[in-house]
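[1] Predicted model and sequence below, questions to follow.
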Amino acid sequence: MRLSLVSVVLVVLAALCVSRVEAQLPSGSVKTVGTAHSHVLSLPLTQMTTCIRAAGSDAKAEAPPVKSTSDKNALSAPIVSFEGLHLGELQPHAGCILDGFASDNSGAVGPNHYVQVVNTAIVVFDKAGNIQAGPIGSTEFWYQQPDCGGEYYWSDMVVAYDRHADRWVVSRPGGAHAGQDLCLAISRTSDPTGSYDQYAFVVNNEANGLFNFFNDYPKISTFGDAYYATANPNKIFSGLGNTVSAFDRKAMLAGDAAPTFVTWFIPAPQTPVTRSHMLAADQDGDKRPPHGSPEYIVQVQDSHLGFPAGRLQVYEFRVDWSSPSSSTLVPTTSLTPEPFNSSACEEDECIKQPGTGLLLDSVSYGYMMYRLSYRNFGDHQTLLFNHTVAADGNPSHNHAGIRWYELRKWWGLVPWKIHQQGTHAPDANNRWLGSIAMDREGNIALGFNIAGNGYFPSLRYVGRRAYDPLGTLPLGEISMAEGNGVQQDYEEFGDYSQMTIDPTDDCTFWYTGTYYPATTRPNDWHTRIVSFRFRNCHGRDHAWDD
């Protein structure tokens, strides 16, 4: 029997609808709805007490020498390159230093500024690397917020730029009681040096049974009419599961005192080895998601870490601000990628450094690396993400590589598909802490750390044009910052880095990561901020300039 094209389409759509109806969240999933627990309007950053920088410090360090195997006619060397926050320049004043903690740096670019946060401080640069406000300690930044400040100097802060509102968003775990809150700060205007509306939301609450659990590793995103966050209750490696939350963006942009939030707790399989992590899609580009689109959540399910099979699970979060209790979170597309093992090595610490036996943490074991980058091209939508894996699938070889994916969703109800995937591990050195994004032409860039027995911890990027062979990153590697030193104690090198796209041209990539330019005192990390772009992406403001 032959079916007409219309019949085939109807059969496919019917099958998709049935799968959506039958999809179920894991047993024990809980939805809670509430409003902000507290709200304050902060002082402008320019009026906050700064961390006194050491005498002679200079944020505008020279660009590092470029090491490249790339076609420079396709992918540029660093355009802007300057030093970000550096532990040795932050004085023990206003809670700016907490020795023994990694930088955990995050950064986002806007029309005129670059905002960077580390575990204990925030700073605002112009796009040439000149400081406009800060550095300001995390306790100082959150000082007036009763549920976010206090004596909790470390912060796990993350920053995002909401390009459709021209506002800045900063997050951290709660700083009161057990740290069960998510704290969100929304800039009152487009100026990141000004005041912020600061909110605390009890996402780990009594209703979902998580009230006394710390809200660990929160990662924020902007998408549609909400801000979203994923986190892990009771520490990232607890194995309990994940929380996925939506926050009323419109209300927070207006400075409302009690915006609504909706949180889902999604339990993970309860096995001795379970590790689970999720990310929410973070929008890039001018084109918004299609009308009525849900937010997309992706979870990497590793069969080596408690899940039945190695899968990429996509969820659809539909939030209804007129009736928040009607909001839904539905597991939809479940994809089978190429085999992977997200335990990069037999022990957490396996990244070698020259001249020392101290090994660095690979930050694998189920972590998805920030961000889950989303872009709408009209005829299709894309999701980009990465995580650290055993380079050849065998953790006993202690060789870390980066698994990256591009998912695509074409028009209508067609589900997400794996458009391409690959593992970046071109030699014996370790690569980890990746962050990936796509420009307006569909070119992809991946920034990451590299280190090995004969290679100091350094920063590089690699890329592919939209028409390059699928699953390959042939344009690179290009150096962002060449290390010449090692970390001397405390194995945690960092938990994440961040790649964002310049909203002024939708072509220029901005990246921040951690490195060691020299071996000085223990754990004296530096951060670098670098921009670059592809030759075939001209943006809206200017053509390529060699």
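    That came through, no problem.
[2] mind checking how far stretch 126-133 is from the chain centre?
    For stretch 126-133, the separation from the chain centroid amounts to 22 Å (computed by C-alpha atoms, centre = their mean, to the nearest Å).
[3] got the residue ranges for the helices in this protein?
    For the chain, the helices identified by DSSP state H occupy 5-22, 138-141, 249-253, in order along the chain.
[4] Report the rounded mean pLDDT for the first one.
    Here the mean pLDDT over helix 5-22 is 36, rounded to a whole number.
[5] Can you give me the distance of Pro135 to Tyr515?
    Using C-beta to C-beta, to the nearest Å, one gets 18 Å for the distance from Pro135 to Tyr515. For glycine as for every other residue, the C-beta is placed from the backbone atoms N, C-alpha and C.
[6] Isn't Phe307 up against Pro269?
    Yes: contact between Phe307 and Pro269 holds when scored by C-beta atoms under 8 Å: they sit 6.0 Å apart.
[7] what residues are up against Asn105?
    With contacts defined as C-beta atoms under 8 Å, 6 or more residues apart in numbering, the neighbours of Asn105 are 84-85, 116-118, 494, 496-498, 512-514, 527.
[8] Looking at those residues, spot the one nearest Ala466.
    When the contacts of Asn105 are compared for distance to Ala466, the smallest value, 22.6 Å, is given by Gln498; criterion: C-beta to C-beta.
[9] need the contact list for the closest one.
    Under the criterion of C-beta under 8 Å, 6+ apart, the contact list for Gln498 reads 105-108, 158, 370-371, 435, 511-512.
[10] Which residue is the nearest non-sequential neighbour of the residue nearest the centre of the chain?
    Taking C-alpha atoms, centre = their mean, the centroid of the chain lies closest to Tyr370, which sits 2.0 Å from it. Leaving out its chain neighbours, the residue that sits closest to Tyr370 by C-beta to C-beta, 6 or more residues apart in numbering is Tyr496, at 4.7 Å.
[11] ok, that neighbour - how many residues close by?
    Residue neighbour count, defined by other C-beta atoms under 10 Å, stands at 24 for Tyr496.
[12] check contacts around it.
    So Tyr496 contacts 104-106, 363, 369-370, 433, 435 (C-beta under 8 Å, 6+ apart).
[13] repeat for Leu372
    Residues in contact with Leu372 (C-beta under 8 Å, 6+ apart) are 221, 279-282, 296, 298, 383-385.
[14] One more pass at 6 Å, please.
    Taking C-beta atoms under 6 Å, 6 or more residues apart in numbering as the contact definition, Leu372 lies against 279, 281, 298, 385.
[15] for Val486, same thing?
    Contact criterion C-beta under 6 Å, 6+ apart gives 353, 356, 519 as the residues in contact with Val486.
[16] Recalculate using a threshold of 7 Å.
    With contacts taken as C-beta atoms under 7 Å, 6 or more residues apart in numbering, Val486 has the following neighbours: 353-356, 456, 516, 519.
[17] now His37
    Taking C-beta under 7 Å, 6+ apart as the definition of contact, the neighbours of His37 are 147, 181, 200-202.
[18] ok, of those residues, which one's closest to Ile418?
    Out of these, the member with the shortest distance to Ile418 (by C-beta to C-beta) is Phe201, at 33.7 Å.
[19] So the closest one sits against Gly174, correct?
    No: shown here, Phe201 and Gly174 do not form a contact pair, counting by C-beta atoms under 7 Å, at 8.6 Å.
[20] residues shared between the contacts of these two?
    With contacts defined as C-beta under 7 Å, 6+ apart, the residues adjacent to both Phe201 and Gly174 are 181-182.
[21] Poorly predicted segments of the protein, please.
    1-23, 53-73, 92-95, 97-100, 150-154, 491, 539-546 (pLDDT under 70).
[22] one step back: distance of the residue nearest to the centre of the chain from Pro173?
    Remark: distance between Tyr370 and Pro173 (C-beta to C-beta) = 15 Å.
[23] for the stretch 401-546 of the chain, what spans make up the strands?
    Remark: strands assigned in the stretch 401-546 of the chain by DSSP state E, counting those that start in this stretch are 417-424, 430-438, 444-452, 455-464, 475-481, 498-501, 509-515, 526-532.
[24] So which bits of stretch 467-474 are buried?
    Using 16 or more other C-beta atoms under 10 Å as the test for burial, stretch 467-474 gives 468, 471, 473.
[25] Please work out which residues outside that stretch touch it.
    Residues from elsewhere that reach stretch 467-474, judged by C-beta under 7 Å, 6+ apart: 420-422, 424, 446, 462-464.
[26] measure it end to end?
    Taking C-alpha to C-alpha, to the nearest Å, the span from the opening residue of stretch 467-474 to its closing residue is 11 Å.
[27] list the contacts for Gly110?
    Counting by C-beta under 7 Å, 6+ apart, Gly110 makes contact with 161, 503.
[28] and Pro272, how many neighbours?
    Residues near Pro272, counting by other C-beta under 10 Å, number 6.
[29] ok, now Leu87?
    24.
[30] my guess is it contacts Arg521, does it?
    No: the pair formed by Leu87 and Arg521 falls short of the contact definition of C-beta under 7 Å, at 8.8 Å.
[31] Now for the two: what residues contact both?
    Overlap between the neighbourhoods of Leu87 and Arg521 is empty, taking contacts as C-beta under 7 Å, 6+ apart.
[32] Quick check: Ala246 vs Val298, distance?
    Taking C-beta to C-beta as the measure, Ala246 falls 16 Å from Val298.
[33] When the two are compared, which one has more neighbours?
    It is Ala246, of Ala246 and Val298, that has more neighbours when counted by other C-beta under 10 Å, with 27 against 23.
[34] nearest spatial neighbour of Gly84, skipping sequence neighbours?
    Once chain neighbours are set aside, the closest to Gly84 by C-beta to C-beta, 6+ apart is Thr527, at 3.6 Å.
[35] Tell me how many other residues crowd the one you found.
    Applying other C-beta under 10 Å, we find 25 residues neighbouring Thr527.
[36] How about Val389?
    28.
[37] tell me which residues form a beta bridge with it?
    Under DSSP bridges, the beta-bridge partners of Val389 are Gly401.
[38] wouldn't it be in contact with Arg403 here?
    Yes: contact between Val389 and Arg403 holds when scored by C-beta under 7 Å: they sit 4.5 Å apart.
[39] Can you check which residues contact both of those two?
    Here Val389 and Arg403 have 340, 423 as joint contacts, going by C-beta under 7 Å, 6+ apart.
[40] follow-up on the earlier one: can you tell me which two in the contacts of Gln498 are farthest apart?
    In the contacts of Gln498, the most distant members under the criterion C-beta to C-beta are Val158 and Tyr511, with 14.9 Å between them.
[41] Thanks again, I'm all set now.
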